[in-house]
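In: build me a model:
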Amino acid sequence: MSKTIQPLEWVDDLRLGDYSLDNHTKEFLRFANVFIDAKNVGNGEEQLDNVLNHLTEYSHKHFPPQEDLMERIKYPSLDEHKTDHKKFNLGVAKLLKKRLLLKRANVPADEYDERGVDGVLTDIADFITDWYHSHMLGADKRLSDYYNYEYKE
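Out: Down below sits the predicted model:
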């Protein structure tokens, strides 16, 4: 059995004070934890399509308004933050491709993940936890600090 993944927690350091953006983050954590819980007990495959849909929806719902906010406040790390968002979208696209290839027959060996469903589940779990630890607790926290303590209208 694979290693147990710890749930992702909301921390007040992530609070922007923008109700909609804060709720997007909390929603991300909720669906990520549903997937993590399912993966931990061996039912991750049941959540596979659901979590991929949520990751796609999250990026479409959260990134544009967050980027608009950063532009409005002239956030100094805007370009770096937008680059992270692009990398997230590319990562989700790769995960979606892996998922689609699992459903197809006669996929060339160089395109198929020999680990099968378990490999894709592990990749999704790693992607989500990496995003949380590196981006949310890193870049999003820095944005929150800037917006709440340095930005003056």
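In: hang on, isn't residue 15 packed against residue 144?
Out: Yes. Taking contacts as Cβ atoms under 8 Å, residue 15 lies within contact range of residue 144: 6.2 Å. Using the backbone N, CA and C atoms, a C-beta is placed for each residue, glycine as well.
In: more crowded one of these two?
Out: Comparing residue 15 with residue 144 by other Cβ atoms under 10 Å, the one with more neighbours is residue 144, at 22 against 16.
In: so how far is residue 79 from the more buried one?
Out: Distance from residue 144 to residue 79, counting by Cβ to Cβ, to the nearest Å: 18 Å.
In: so what's the gap between the helix ranked longest in the chain and the chain middle?
Out: Across the chain, the longest stretch assigned as helix under DSSP state H is helix 44-72. Relative to the centre of its chain, helix 44-72 is centred 7 Å away, using Cα atoms, centre = their mean, to the nearest Å.
In: and that helix, what does it pack against?
Out: On a contact count with 3 or more Cβ pairs under 8 Å, 6 or more residues apart in numbering; DSSP states H and E, helix 44-72 meets helix 19-40, helix 78-103, helix 116-130.
In: and if we set it to 6 Å?
Out: Here helix 44-72 is seen to pack against helix 19-40, helix 78-103 when contacts are counted using 3 or more Cβ pairs under 6 Å, 6 or more residues apart in numbering; DSSP states H and E.
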